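J.: Kindly generate the corresponding structure for this input.
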Amino acid sequence: MEKKRIIRYGAAFISLAVLFVIILVASINTGSVHISVMEIINILLKRTGEEAAAYSIIWKIRLPRLLMAAVLGGALALSGYLMQTFFRNPIAGPYVLGISSGAKMVLAVVTIIWSGHIASMPVSLNVLTSFAGSMLCMLFVLFFAGKVKSMATLLVVGVMIGNICSAVTDFMINFANEAQIVNLTHWSLGTFSGVSWTNLKAATVLILITFILTFLTAKPMSAYQLGEDYAKSMGINIKIFRIILITLASMLSACVTAFAGPIAFVGIAVPHITKLLFGTAKPIVMIPAVTMCGSIFCMACDLIARTIFSPSELAIGTVTAVFGAPVVIWLMVKQKR
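T.: This next block holds a predicted model:
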């Protein structure tokens with residue numbers, strides 16, 4: 001039985017790796033300028049054709065955008081998995097609980113005060129303000145979580161918190177000039193466009209550190225999933241562990257909002273798709289698996305956003321909502337049965 005599980009996990013991880021490469025090549029290949037697969041291989045592996053337009057398109061536009069979608073998609077899915085573990089509910093997620101909206105609100109306010117353009121702000125300030133907004137909303141959610149018994153009620157509270165944050169953001173945008181409004185509106189819908197290698201490196205370092213810290217919690221998380229009493233019997237300090245869980249989830253969500261804006265439903269849908277694929281809820285398997293699935297999901301959604309109405313481009317949040325919202329509806333209907 002254990003051997004079959006290992007084979008299943010191995011096959012699933014290999015399938016995800018192959019799918020990742022396929023979407024990576026398809027995304028680089030597709031666009032207003034078509035680049036053949038052989039050209040892509042030569043440019044990426046041999047670094048040939050530096051004078052050609054295709055070289056600049058790949059290295060300066062498409063590749064950093066794709067890698068950012070992979071990094072942030074994995075972070076958002078992992079954040080959702082941590083929140084679902086924390087609240088012991090499959091519908092918990094950074095977007096639905098208003099966490100992403102809180103990060104958006106604080107970052108938008110600071111951006112308007114600073115300069116009106118998110119790209120001109122220091123990366124550290126972007127992340128810190130997003131994290132502050134995430135933690136602010138998380139404190140409100142935790143406060144109401146202790147007051148309400150039903151997760152459905154908590155979900156409504158999260159949606160209301162998100163609406164309040166969005167209203168404050170919209171109010172603050174009234175004080176921005178025309179250029180600032182365009183920039184903030186585009187960012188608030190979620191986008192991976194205009195990514196620089198500097199921002200990609202900063203996002204990768206932050207999320208990699210958070211991922212490693214999350215992976216180190218896999219063993220106590222397994223005990224926590226079996227109940228607080230069992231976790232206590234294993235010597236786990238529940239209060240500290242819950243603080244660690246929620247801090248890691250908020251940090252991941254804040255990084256995504258800081259670099260790409262709020263992106264809907266990835267944090268809810270992807271963990272459940274991953275559980276169906278791997279047939280397990282073990283954190284030691286789920287943490288890397290959810291991250292990989294989140295990366296692939298966001299890369300695929302970004303490809304659709306770029307190409308479906310080309311040369312116009314959809315917001316990434318629109319595409320993720322189209323594919324993620326039905327999963328949320330299915331989960332809510334399933335819970336009611």
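
J.: lowest-pLDDT helix or strand in the chain?
T.: helix 178-188 (a mean of 71; mean pLDDT, DSSP states H and E).

J.: for the next helix or strand after that one, the distance to its chain's centre please.
T.: Later in the chain than helix 178-188, the nearest helix or strand by DSSP states H and E is helix 197-216. On the basis of CA atoms, centre = their mean, to the nearest Å, the separation between the geometric centre of helix 197-216 and that of its chain is 12 Å.

J.: for the helix or strand that comes right after helix 197-216, packing partners?
T.: For helix 197-216, the following helix or strand on the C-terminal side (DSSP H and E) is helix 218-225. With contacts defined as 3 or more CB pairs under 8 Å, 6 or more residues apart in numbering; DSSP states H and E, the secondary structure elements packing on helix 218-225 are helix 63-87, helix 228-233, helix 238-260, helix 283-307. C-beta coordinates here come from the backbone N, C-alpha and C atoms, glycine included.

J.: Enumerate every residue touching A300.
T.: If you count contacts by CB atoms under 8 Å, 6 or more residues apart in numbering, A300 has them with I23.

J.: Report pLDDT for it.
T.: As predicted, A300 sits at a pLDDT of 94.

J.: I329 too?
T.: We have a pLDDT of 79 for I329.

J.: list the buried ones in the helix or strand it falls within?
T.: Secondary-structure assignment from DSSP H and E places I329 in helix 316-336. Of the residues in helix 316-336, those with enough neighbours to count as buried (16 or more other CB atoms under 10 Å) are I316, G317, V319, T320, A321, F323, G324, V327, V328, L331.

J.: Is it possible to get JSON lines of those that adds distance to A264?
T.: Formatted as JSON lines, the entries for the buried residues of helix 316-336 read as follows, by distance: CB to CB, whole Å:
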{"residue": "I316", "distance to A264": "9"}
{"residue": "G317", "distance to A264": "5"}
{"residue": "V319", "distance to A264": "9"}
{"residue": "T320", "distance to A264": "5"}
{"residue": "A321", "distance to A264": "4"}
{"residue": "F323", "distance to A264": "10"}
{"residue": "G324", "distance to A264": "6"}
{"residue": "V327", "distance to A264": "12"}
{"residue": "V328", "distance to A264": "10"}
{"residue": "L331", "distance to A264": "15"}
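
J.: Pick out the lowest-pLDDT one from the residues you listed.
T.: Within those, lowest confidence goes to L331 (70).

J.: Could you give the average pLDDT over stretch 47-60?
T.: Averaging pLDDT along stretch 47-60 gives 77.

J.: Tell me which other helices or strands the helix holding I329 touches.
T.: helix 266-278, helix 283-307.

J.: So which of the ones you listed is nearest V18?
T.: In this view, the helices and strands packed on helix 316-336 are compared for proximity to V18 by CB to CB, and helix 283-307 is the closest at 10.3 Å.
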